[in-house]
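1. I would like the atomic coordinates for the input below:
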Amino acid sequence: MSDDDTERSAGTGRLLTGVAWAILLLGLWLWGRGVTEVPDGMSGPTTGDVAAVGRPMGGELPPAAKPLGSSVPERIDIPDLGVQAPVVARGLDGKGGIDPPPFDQPGVVGWYGSGTVPGAAGTAILVGHVDTETRPAVFYKISALRPGETIRVVRADGTVARFTVDDVRVLPRDHFDAQQAYGARESGRAELRLITCGGTFDRTSHSYTGNVVVSAYLTGTSV
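-> The predicted structure is shown next:
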C-alpha cells in the first residue's frame, strides 16, 4: 500500500464507520417500530470475518437458563477476546436512530436502553465501534468469536449474566434484514446481540458492506 493509500485509509476511517452505523441504525429503528413494536483502529479494506457465517459448532451447546429480572448493564467481559468494557445506555437521536458511543470513547459499549435489559426475556442489543482513525476499537475482534464461547454482562444488581455464543454472522448492508439481526432466535429465551461494522470495504461507495452480528443466549448467572 502506498503512503497516499495509507493516508486515505486513516483519514476516512471515521466517515466509513459513520456510513455503516447509518445503515445499522436505520435497521434498528425499523425493527423497534415494526418487528417488536418497542416505543422507542485501524481502518482498512476488510473488517469482520465473512467466514464466520455458518461456522460449525464445536459441540452441543448448554441449555438456556431462565430469564432474569430487570437490571441495567454496567460492564461486558469477553474472556476469549480479552475485552472488558463499560456499558452505557444510549437513546434515540433526532432522526429516530440510536446514538452509538461517541467516537472519542472507542472502548465503551452502548446498550439500546429503550429495549430489552441483558438477561431478561427478549433480545438485548449492545453496539460498539470496530475501529477509530488510528487503532482498533472495542468490538474489533468479535467476528472471531465461536459458538460455545462466553460473554458475561455485569448488571447493576450485582448479578453476572453469562451468555453462550450460538451464532456469528456478517449481514450485508444492502437489503439489511432487521428481523435476522435483532429478532429472537427462540421464543422465551434471554438473548444478546453484539453488533459492529463489518464485511469488506467498498472503495466505490467508501463504506463497509455489512455488519457483524454475534448472537448469544443466557445460560447461567453468578454473583
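
2. flag the shaky bits of this structure, pLDDT-wise.
-> For the chain, the stretches flagged by pLDDT under 70 are 1-58, 93-98, 201, 206-207.

3. run the last query once more with 80
-> The chain contains residues with pLDDT under 80 at 1-59, 91-100, 132-133, 173-178, 180, 199-209.

4. for it, what spans make up the strands?
-> With DSSP state E as the definition, the chain shows strands at residue ranges 46-47, 73-78, 83-90, 109-112, 122-127, 150-155, 160-172, 190-202, 207-222.

5. any chance of those in a markdown table, with distance to Tyr140 too?
-> Heads up, the C-betas are built off the backbone N, CA and C, glycines and all. Shown next, in a markdown table, are those (distance: least, Cβ to Cβ, whole Å):
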| stretch | distance to Tyr140 |
| --- | --- |
| strand 46-47 | 8 |
| strand 73-78 | 11 |
| strand 83-90 | 9 |
| strand 109-112 | 12 |
| strand 122-127 | 13 |
| strand 150-155 | 15 |
| strand 160-172 | 14 |
| strand 190-202 | 8 |
| strand 207-222 | 10 |
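
6. any chance of those strands in CSV, plus mean neighbour count and distance to Val138?
-> Converted to CSV, these look like this (neighbours: other Cβ atoms under 10 Å; distance: least, Cβ to Cβ, whole Å):
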stretch, mean neighbour count, distance to Val138
strand 46-47, 20, 14
strand 73-78, 19, 9
strand 83-90, 18, 5
strand 109-112, 24, 6
strand 122-127, 24, 10
strand 150-155, 21, 13
strand 160-172, 21, 17
strand 190-202, 24, 8
strand 207-222, 22, 13
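
7. what's the closest of those strands to Pro62?
-> Within the strands of the chain, the stretch nearest Pro62 is strand 207-222; the backing value is 4.6 Å (Cβ to Cβ).

8. dump that closest one to CSV, restricted to CA.
-> Taking C-alpha atoms only, strand 207-222 is exported to CSV below (Å, rounded to 0.1, in the frame of the first residue of the first chain):
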residue,chain,number,x,y,z
SER,A,207,-18.4,2.3,3.1
TYR,A,208,-18.4,-1.1,4.8
THR,A,209,-20.6,-3.7,3.1
GLY,A,210,-22.2,-5.1,6.2
ASN,A,211,-22.4,-5.6,10.0
VAL,A,212,-21.0,-8.3,12.2
VAL,A,213,-23.8,-9.7,14.4
VAL,A,214,-22.9,-12.0,17.3
SER,A,215,-25.9,-13.9,18.8
ALA,A,216,-25.8,-15.4,22.3
TYR,A,217,-28.3,-16.6,24.8
LEU,A,218,-28.4,-16.7,28.7
THR,A,219,-27.0,-20.0,30.1
GLY,A,220,-26.2,-19.1,33.7
THR,A,221,-25.7,-16.4,36.3
SER,A,222,-23.4,-15.7,39.2
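
9. all set, thanks.
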